[in-house]
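Student: predicted model and sequence below, questions to follow.
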Amino acid sequence: MADIDFACTGVRADPHAVFPTLTFRLRVTAPDGGAVHAIALRCQIRVEPRRRRYTAAESELLADLFGEPSRWGETARPLQFANVSVMVPRFTGETEIDLPVTCGYDLEVAAGKYFASLDGGEVPLLLLFSGTVFARSPAGFTVGQIPWDREVRHGLPVAVWTEMIDRYFPGTGWLRLDRGTLRALQRYKAGRALATWDETVEALLKEARS
């Protein structure tokens, strides 16, 4: 079973999950149509930023993550997105399963910054598979490891990511601030009788531009 193979056939936003969740559809194929008892599957997902082009507006936002575009050949390195595990049930030959990936919207995390900077197109992802395969053979029950070279590239449409985030945080985002910074903002907001945090940040931006 060392030759077991994987493919990603699509990804969708889960409309019923408690937390923002992307569901990847995986096709798992056993060599020679063999029978597999189960697979304890692990999947590491990375973003490969060099595998797409960026608009001027996207490049401006991504400067916070990668620096100036002239340096991206050195700085735009793969970003860790997720590590997930799932059990693949018994099958013969080929099967398809869902791989749910719970997502956050923390702009302090590199992957969160990257996703939030994109206006369209696809996010270039690399899925790396590992784990344990349990199977039966004429010689009896066998246990084998998935080779480390099992990987699949897949493009996540930015529209799917946006659909998922908007379902939980419609038209909004959030930033984590140091407690001292937050108290300073509260004093600024109260001192100017500003009604909302949006008004507070807009007032600060106007002051910075003046």
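Tutor: Cool, the structure landed. Numbering: from 1, shown residues only.
Student: and for Thr142, the neighbour number?
Tutor: Close neighbours of Thr142, defined as other CB atoms under 10 Å, add up to 12. All C-beta atoms are positioned from the backbone trio N, CA, C, and that covers glycine.
Student: wait, I meant Ile165
Tutor: Neighbourhood size, Ile165 [other CB under 10 Å]: 21.
Student: am I right that it sits in a helix?
Tutor: Yes - under DSSP: H, G, I helix; E, B strand; the rest coil, Ile165 falls within a helix.
Student: that one touches Phe19, doesn't it?
Tutor: No - contact status for Ile165 versus Phe19: not in contact, 11.5 Å apart, counting by CB atoms under 8 Å.
Student: what's the overlap in contacts for the two?
Tutor: Contact criterion CB atoms under 8 Å, 6 or more residues apart in numbering; residues shared by Ile165 and Phe19: Cys103.
Student: tell me which element Val143 is part of?
Tutor: strand 140-145 (DSSP states H and E).
Student: what's the first helix or strand after that strand?
Tutor: Taking DSSP H and E, what comes next after strand 140-145 is strand 151-157.
Student: now the helices for the chain?
Tutor: With helices called from DSSP state H, the chain shows them at 56-66, 72-75, 110-116, 158-168, 179-191, 197-209.
Student: mind giving me the packing neighbours of the third one?
Tutor: Spelled out, that is helix 110-116. helix 56-66, strand 79-88 (3 or more CB pairs under 8 Å, 6 or more residues apart in numbering; DSSP states H and E).
Student: and if you look at the first one?
Tutor: With contacts taken as 3+ CB pairs under 8 Å, 6+ apart, helix 56-66 sits against helix 110-116.
Student: quick one: mean pLDDT for the helix it packs on?
Tutor: Helix 110-116 comes out with an average pLDDT of 87.
Student: which residues does Leu126 bridge with?
Tutor: Leu126 has these beta-bridge partners by DSSP bridges: Arg46, Arg153.
Student: what about it, neighbour count?
Tutor: 16.
Student: from Arg167, how far off is it?
Tutor: According to CB to CB, to the nearest Å, Leu126 stands 26 Å off from Arg167.
Student: Ser210 now?
Tutor: 38 Å.
Student: and those two? which has more neighbours close in?
Tutor: Taking neighbours as other CB under 10 Å, Ser210 and Arg167 compare with Arg167 leading, 13 against 5.
Student: adding mean pLDDT, write the helices and strands packed on helix 110-116 out as TSV.
Tutor: Output for the helices and strands packed on helix 110-116, formatted as TSV (pLDDT from 0 to 100):
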stretch	mean pLDDT
helix 56-66	92
strand 79-88	94
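Student: between the ones you listed, which one is nearest to Leu118?
Tutor: helix 56-66 (5.9 Å; CB to CB).
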